[in-house]
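> Next one to model:
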Amino acid sequence: MIKKITGVLACGMLLFYGCYNDKEEILYGSSTCDGVNATFAADVMPIIQSSCAKPECHASGSLNGPGALTSYTQIKNAATQIKSAVISRFMPKEGSLTTSQIKSISCWVDSGTPNN
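Numbers count the residues shown, from 1 in each chain. Model prediction:
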């Protein structure tokens, strides 16, 4: 009886882990930045201001996650965390970002977080 239970558990684990996929392109769509010229001032900052830098989330004085996200320096310092959170759709907690907004943030981070 114990051998049967152990066998069933082992098969279940193999099936579960066999279905796992961690390739970003498959999980979240194409990760290419071809044709995306995201700038901080025109693309990234407006997204952060409207979706993240709210009083209950990442406004001035916030201690949530990476803290306040109200200036270029704060956002640049948290860029990798921000990219990960929006790609996984863990953030923002209120509402959601469009695929285009996520791509803008991701491509801006991938381009080295320029202050443009």
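> next SSE after the helix or strand of the chain with the lowest mean pLDDT?
Least confident helix or strand, the chain: helix 24-28 with a mean of 46, by mean pLDDT, DSSP states H and E. Remark: after helix 24-28, the chain's next helix or strand is helix 45-51, criterion DSSP states H and E.
> How far does that next one sit from its chain's centre?
On the basis of Cα atoms, centre = their mean, to the nearest Å, helix 45-51 sits 14 Å off its chain's mean C-alpha point.
> how about it: buried residues?
Applying a neighbour-count criterion of 16 or more other Cβ atoms under 10 Å, one finds 45, 47-48, 51 buried in helix 45-51. Just so you know, the C-beta spots here come from the backbone N, C-alpha and C atoms, and that holds for glycine as well.
> Who are the packing partners of it?
Applying 3 or more Cβ pairs under 8 Å, 6 or more residues apart in numbering; DSSP states H and E, we find helix 45-51 packed against helix 72-77, helix 99-110.
> Contacts for the shortest one, please.
The reference is to helix 72-77. 40, 44-45, 48, 66-69, 82, 113, 115 (Cβ atoms under 8 Å, 6 or more residues apart in numbering).
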